[in-house]
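> give me coordinates for this.
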Amino acid sequence: MMNILLPTDFSDNAQQAADFVYDMFDSDGFRLILIHSVVPPRSTPGMMINITDLMLKDAERDLKAEKKRLDEKFEGRGRVETFAKLGYLQDILPGFCTAKNAHLIVMGTRGANDLSSKVLGSNTEHIVRLGFAPLLAIPMGYVIGDEPKVCIATAKQEIPHVQELEKILENFKNKHNVRLSILHVLLTEDEKASKSLGLNGMQIHVDTVNAKTPEEGITKYLKENHLDLLVVCHRHNTRLDYLFSRSTTKKLTGQIQIPLMILPG
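Numbering: from 1, shown residues only. Here you go, the predicted model:
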């Protein structure tokens, strides 16, 4: 059973992210854990009503409504748990991920729907830096295909976090139809890449693209190939393998409109 943690603010993009989980994964293989963080306003002495208690009750009500929506839409498939917690999301998640043994964190993206919003959005950035579990960022309106095409972009000579990635792929709804590829951007004429890398007992073909920068290579590859999921790896030095710094990431603004999975460094 894969434990999928989904922070929700009850917005449309958060609801779509929850729906996407059902579309992407086998409902018999996951437990969806919805969490909403409640940050109370500053109170003044002598307040007659405990605002925090009211906000928690409202959150619990809204979580119950979201669970009901999912149960009705997907006919009770999958197991849904709900939790309302007091505090900032980035402060709550470390202990909560550990307590719930989260295998994946899923979040919907807003606004421009690009890498800046996915990777550099305030909550998402904090969660990426925590590095407790892979994070899947889902753009609004995206529908995964019946034969999901997944590409792992890496500069390494081995796939990072193989066990975590294998567990996620094994729980795909159409796991037997998943089409995997690996992307290695060649930045110099002398640079070479392996012809294939091992994953899930198979040797996956490595595609190469010649480019001056990693972002140029990824953008070029995405223009020429349809994907349902791009996978990258986050390093502890706050850089992304093949996405690198904030300034580099911003150069890709508006280019990537597909789900993005970030593996912890």
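> what segments of the protein are helices?
12-24, 51-73, 89-100, 115-120, 122-130, 162-170, 214-224, 246-250 (DSSP state H).
> closest to residue 156 out of the ones you listed?
helix 162-170 (11.1 Å; Cβ to Cβ). (Glycine included, C-beta is placed from N, CA and C.)
> give me the number of residues near residue 23?
16 (other Cβ atoms under 10 Å).
> follow-up on the earlier one: most tightly surrounded among the helices of the chain?
helix 115-120 (a mean of 22; mean count of other Cβ atoms under 10 Å).
> follow-up on the earlier one: closest to residue 35 out of the helices of the chain?
helix 89-100 (6.5 Å).
> among the helices of the chain, which comes closest to residue 263?
helix 162-170 (6.7 Å).
> with adjacent residues omitted, what lies nearest to residue 186?
Once flanking residues are discounted, residue 186 sits nearest to residue 210: 5.0 Å by Cβ to Cβ, 6 or more residues apart in numbering.
> the one you found: neighbour count?
13.
> residue contacts, it?
185, 186, 217 (Cβ atoms under 8 Å, 6 or more residues apart in numbering).
> ok, residue 200 next?
Residues near residue 200 by Cβ under 8 Å, 6+ apart: 166, 169, 170.
> count the residues that sit near the closest residue in space to residue 157 that isn't next to it in sequence.
Among residues not flanking residue 157 along the chain, residue 194 sits closest, at 5.7 Å (Cβ to Cβ, 6+ apart). For residue 194, the count of nearby residues is 15 (other Cβ under 10 Å).
> now do residue 194 against residue 159, distance only.
10 Å (Cβ to Cβ, to the nearest Å).
> do the same with residue 135
With Cβ to Cβ as the criterion, residue 135 and residue 159 are 17 Å apart.
> the two: which is more packed in?
A direct count of neighbours by other Cβ under 10 Å for residue 135 and residue 159 places residue 135 higher, at 23 against 20.
> partner residues bridging that one?
Beta-bridge pairing of residue 135 under DSSP bridges involves residue 105, residue 262.
> what about it, distance to residue 6?
Relative to residue 6, and taking Cβ to Cβ, residue 135 is found at 11 Å.
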